[in-house]
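Q: Quick check, what structure comes out for this input:
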Amino acid sequence: MRHLRKRFQRLLNKSALARVERRPAPAMIPMGRSTKETNCYYAYLHLRGQREKSALFDAIEDQEVICRLFDEAERRFHIPSSIPVQELENYQLEVTRFLGPVRSTHNTALIFLIADTLGYSWIALRWDQLRQHLFNITYKSRTDRIVLLSELVELYINAKSSNQSFQEPDLGTAMNIYFKLHGGRSASRSRFYEEYARFELLLKSLLDSGDLSYSNDTFSYQLKARSLRTIAEFESEQQRHEDQVKQNRRLLWLTVIIAISALIGALDVLGLLEMYWGYLS
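A: Presented below is the predicted three-dimensional model:
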């Protein structure tokens, strides 16, 4: 019985590796928009009971599995090695499927074969595309300086309260701030680079006006106290503008009422003149 179990495990590992070999992963997995064309597998073989002795799968032949061992000095898999096919039952597979932006990892050959046969990654990809579509519908790009500055104040307050210290928190780099405000899915939008360029210009505008400062050491932005005065001045100006609009609206209605009253008065005068003219006749 134990012998049959080993043969079955060897068959599972061999079948899984054969499937992985059809779509081997490149040396560098594409990032950003390039992930749309990604469809490949990574497979690791872990020696049972000695997980530190792992190998990165390259190819499978009739009698051996071609792989690479981990080099502790260079911190990467590049030492050529091989594993006899007859010893595959001693290894546990860890297979990762890259399909578009979706990454799914399976820790055994059986689970990988079942998930891959049922199209688990494709289902996850369609679900991710649906979520991205809903995100794009509700997405709002920051194009107003004051709105952005107000959100940066909120980021500062949240960072300050979470740190619970007297140190001044950094807002982060421009990219970090962008993803904090817009979410990670914004990078998958078709107009991401254009929207990010405008966002950077807004940050530089706030930097020039003295509402933000910038550290060349950490490449991060810091909020300055002047930002509160800028927001207060804007709100005061906005209030004056709204009051002016209301006043102009009142004057308009008053003018309309006066005009209507004058028209009614003119009609009354015309009526009196008509009566007087009829009397003279």
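
Q: Could you name the specific helix or strand carrying residue 96?
A: Mapping residue 96 onto the secondary structure by DSSP states H and E places it in strand 91-99.

Q: For that strand, the averaged confidence score.
A: For strand 91-99, the mean pLDDT works out to 91.

Q: Run the angle between whatever helix or strand residue 56 lives in and strand 91-99 for me.
A: Of the helices and strands defined by DSSP H and E, residue 56 is found in strand 50-60. Compare the direction of strand 50-60 with that of strand 91-99 by axes from the mean of the first three to the mean of the last three CA atoms, to 10 degrees and you get 60 degrees.

Q: before we move on, back to that, which residues touch the strand holding residue 96?
A: Residues outside strand 91-99 that contact it (CB atoms under 8 Å, 6 or more residues apart in numbering): 13, 16-17, 20, 25, 29, 35, 38-48, 83, 103-109, 112, 116, 121-122, 124-125. Placement of C-beta: from N, CA and C, glycine included.

Q: Okay, now the sheet partners of it, with direction.
A: Each strand that pairs with strand 91-99, with its direction, by DSSP bridges: strand 39-47 (antiparallel), strand 102-106 (antiparallel).

Q: Could I have the CA atoms of the last one written out in PDB?
A: Translated: strand 102-106. As requested, C-alpha coordinates have been extracted for strand 102-106 and formatted as PDB (Å, rounded to 0.1, in the frame of the first residue of the first chain):
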ATOM      1  CA  VAL A 102      -3.600  37.300 -11.000                       C
ATOM      2  CA  ARG A 103      -1.100  35.100  -9.000                       C
ATOM      3  CA  SER A 104      -2.300  31.900  -7.500                       C
ATOM      4  CA  THR A 105       0.000  29.500  -5.500                       C
ATOM      5  CA  HIS A 106      -0.800  25.800  -4.800                       C
END
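
Q: Can you list the neighbours in contact with that strand?
A: Contacts made with strand 102-106 from outside it, assessed by CB under 8 Å, 6+ apart, are listed as 94-97, 112, 115, 120-121, 124-125, 128.

Q: got it, and the longest one?
A: Judged by CB under 8 Å, 6+ apart, the contacts made with strand 39-47 from elsewhere in the structure are 13, 16-17, 19-20, 23-26, 29, 53-57, 65, 67, 83, 90-100.

Q: Can you give the distance from it to the centre of its chain?
A: Between the mean C-alpha location of strand 39-47 and the chain-wide mean there is a distance of 27 Å, by CA atoms, centre = their mean, to the nearest Å.

Q: mind listing what's buried in that strand?
A: Neighbour counts using 16 or more other CB atoms under 10 Å place 40-46 of strand 39-47 among the buried residues.

Q: Turn the residues you listed into a markdown table, columns for distance to residue 205 and pLDDT.
A: Written out in a markdown table, the entries for the buried residues of strand 39-47 read as follows (distance: CB to CB, whole Å; pLDDT from 0 to 100):
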| residue | distance to residue 205 | pLDDT |
| --- | --- | --- |
| 40 | 43 | 88 |
| 41 | 46 | 91 |
| 42 | 44 | 87 |
| 43 | 49 | 91 |
| 44 | 48 | 92 |
| 45 | 54 | 91 |
| 46 | 52 | 91 |
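
Q: Among the residues you listed, which one lies nearest to residue 134?
A: Nearest to residue 134 among the buried residues of strand 39-47, counting by CB to CB, is residue 40 at 27.6 Å.

Q: State the number of residues packed around the closest residue to the closest one other than its chain neighbours.
A: Of all residues beyond its chain neighbours, the one nearest residue 40 is residue 25 (4.2 Å), with distances taken as CB to CB, 6 or more residues apart in numbering. For residue 25, the count of nearby residues is 18 (other CB atoms under 10 Å).

Q: Look up which helix or strand residue 254 falls in, please.
A: Secondary-structure element containing residue 254, defined by DSSP H and E: helix 226-280.

Q: quick one on the thing from earlier: can you put the strands paired with strand 91-99 in JSON lines and add distance to residue 71?
A: Listed next are the strands paired with strand 91-99 as JSON lines, based on distance: least, CB to CB, whole Å:
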{"stretch": "strand 39-47", "distance to residue 71": "15"}
{"stretch": "strand 102-106", "distance to residue 71": "23"}
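
Q: shaky segments in the stretch 51-200 of the chain?
A: When the per-residue scores of the stretch 51-200 of the chain are filtered using pLDDT under 70, the ranges that remain are 51-52, 141-143, 163-168.
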